[in-house]
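In: predicted model and sequence follow; I will ask about them next.
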Amino acid sequence: MNNKYDSILEKISLPNGIVLKNKLGTAPMSTYSSNPDGSISDQELNYYKRRANLGDLFISGCIAVSKSGLLNSKQFIAYEESVNDRLKKMAISMKSFGSKAILQINHAGRRAMGTHEKFGEVLAPSSVEYPSLDELPKELSEMQIKEIIKDFGNATKKAIHLGFDGVEIHGANHYLIQQFFSTYSNQRKDEWGGSLQKRMRFPLAVLEEVQKVVKQEGKDTFIVGYRLSPEEVLDKTIGYTIDETLEMVEKLIENRIHYIHSSLYGGVDKVALTGNKRSPVNSMIYNKINKRVPFVVGSNIFTPADAMKALEYGDIVVLGREAILDPEWLLKLTQERVEEIVTHVPVDAPGSLDIPQGMWAQLIDDSNTLPPLPVKE
């Protein structure tokens, strides 16, 4: 093994005693290919099994915990019993090489599909207009808030029973949990909005519910992670700053989170847009955490050299687009075949890489908001 990449393969411990066998993982990516009933499709099972040896922390694409939180008609769901057998197969596929299968749990909030009698109204912390939305979301009632919190707990219980090793609470990417944290989308005047402490109430209530379920099920080794977006800057409007995120990070650690995961486009070293604008946001979070829990980072990681650079900003590196491009990345690293790692789209990509058709359609769509796959010139 080439010594300059050895640190990628070092073990790392989580606060609950679980030891990951390396510092590599797979980032959560939506596959847009579920069956009409919201169950995992065969294409998705093949996708997950093909990438089950890319690192010990294998995080799934997000699953909808509530009918009101469904992002699109091709997202898989947790709220129906009929999908359980397929979810169990998904856990088995993800764990087929010994990786920890982490189910990312999510409610889309104002980004939910809505507008259809099957899905109901679009719900959000506040009834606020957004440039990207066709309709005004409805403000969540106190009862609806508590029901959604319970849904996160129910999804966690399902994940435990169906064989997953953990869940990741999706508090990033402008979905419901982030919407509660943001002054842009949360303009409530009650206990769920206003001050930073009140805007943190919903995320922390979700965490508390998840942890309660884990305790009730007697699963001390079950992993609970949290994904966050470090800042929210929309044109000239600041939803929250990196300084507020650092306070949230402290609360997450105080409340016994097992890892924190940064969702960031533009590279692991992207400089802050708020607060100290000379420092990378991941560096500020990493310093705040100070090794108390593992910090998971990713973005533009294609080569082992990229991963080594990322480890300067975090403890665990997750592959996103590169996981799509080369499911044998880790194998090639361990076999000292680094020069064979694929970093650009192969001509026969969908078939040769088990990429679900819906996912491939999103990746090649010019209107897709995700970063495009690298194409060799």
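Out: Cool, the structure landed. Residues are numbered from 1 along each chain as shown.

In: the bottom helix or strand of the protein by mean pLDDT?
Out: helix 349-352 (a mean of 81; mean pLDDT, DSSP states H and E).

In: quick one: low-confidence parts of the chain?
Out: 1-2, 114-120, 369-370, 376-377 (pLDDT under 70).

In: top helix in it by residue count?
Out: In the chain, taking DSSP state H as the definition, the longest helix is helix 142-161.

In: now for that one, which elements pack on it?
Out: In terms of contacts (3 or more Cβ pairs under 8 Å, 6 or more residues apart in numbering; DSSP states H and E), helix 142-161 is packed against helix 84-94, strand 100-106, strand 166-171, helix 201-216. Every C-beta, even on glycine, is put in place using the N, C-alpha and C of the backbone.

In: now the least confident helix or strand of the chain: buried residues?
Out: Neighbour-count burial for helix 349-352 flags 349-350 (criterion: 16 or more other Cβ atoms under 10 Å).

In: and for stretch 178-196?
Out: Neighbour counts over stretch 178-196 (16+ other Cβ under 10 Å) mark 178-186, 188, 192-193, 196 as buried.

In: what's the end-to-end length of it?
Out: 12 Å (Cα to Cα, to the nearest Å).

In: distance from it to the middle of the chain?
Out: Taking Cα atoms, centre = their mean, to the nearest Å, one finds stretch 178-196 lying 22 Å from the centre of the chain it belongs to.

In: same question for stretch 174-185.
Out: The answer for stretch 174-185 is 15 Å, by Cα atoms, centre = their mean.

In: now swap in stretch 152-168 and tell me
Out: Counting by Cα atoms, centre = their mean, stretch 152-168 comes out at 15 Å from the chain centroid.

In: what's that stretch in contact with?
Out: 18, 28, 59, 63, 65, 78-79, 84, 87-88, 91-92, 94-95, 100-105, 107, 169, 206, 209-210, 212-214, 217, 219, 221-227, 258, 261 (Cβ atoms under 8 Å, 6 or more residues apart in numbering).

In: swap in stretch 360-375?
Out: 30, 32, 265, 300, 302, 321, 324-325, 343-345, 349-350, 355.

In: are any of the contacts of stretch 152-168 buried, and if so which?
Out: 18, 28, 59, 63, 65, 78-79, 87-88, 91-92, 94-95, 100-105, 107, 169, 206, 209-210, 213-214, 219, 222-227, 258, 261.

In: tell me which residues of the longest helix of the chain are tucked away?
Out: In helix 142-161, counting by 16+ other Cβ under 10 Å, buried: 145, 148-149, 151-160.

In: and what of stretch 246-260?
Out: 246, 248-249, 252-253, 257-260.

In: does Thr183 touch Arg199 like I think?
Out: Yes. With contacts counted by Cβ atoms under 8 Å, Thr183 reaches Arg199, the gap being 7.2 Å.

In: ok so, going back, the next helix-or-strand element following the least confident helix or strand of the chain: how far from the chain's middle?
Out: Using DSSP states H and E, the helix or strand that follows helix 349-352 in sequence is helix 357-363. Computed by Cα atoms, centre = their mean, the chain-centroid distance of helix 357-363 equals 19 Å.

In: please apply the same query to stretch 140-159.
Out: Relative to its chain's centre, stretch 140-159 lies at 18 Å (Cα atoms, centre = their mean).

In: and Ser96, how far from Asp6?
Out: 26 Å (Cβ to Cβ, to the nearest Å).

In: repeat for Ser60
Out: 28 Å.

In: also Thr334?
Out: 11 Å.

In: also Glu322?
Out: 20 Å.

In: again with Asn290
Out: From Asn290 to Asp6 the distance is 24 Å (Cβ to Cβ).

In: repeat for Asn186
Out: Noted for Asn186: a distance of 45 Å to Asp6, by Cβ to Cβ.

In: now Ser352
Out: Counting by Cβ to Cβ - Ser352 and Asp6 are separated by 30 Å.

In: ok, back up a step: Thr334 and Asp6: which has the busier surroundings?
Out: When neighbours are counted by other Cβ atoms under 10 Å, Thr334 and Asp6 differ, and Thr334 comes out ahead with 14 against 10.

In: still on that earlier bit, could you dump the buried residues of helix 142-161 to TSV with distance to Pro125?
Out: Shown next, in TSV, are the buried residues of helix 142-161 (distance: Cβ to Cβ, whole Å):
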residue	distance to Pro125
Ile145	9
Ile148	11
Ile149	13
Asp151	16
Phe152	16
Gly153	20
Asn154	21
Ala155	20
Thr156	22
Lys157	25
Lys158	25
Ala159	25
Ile160	29
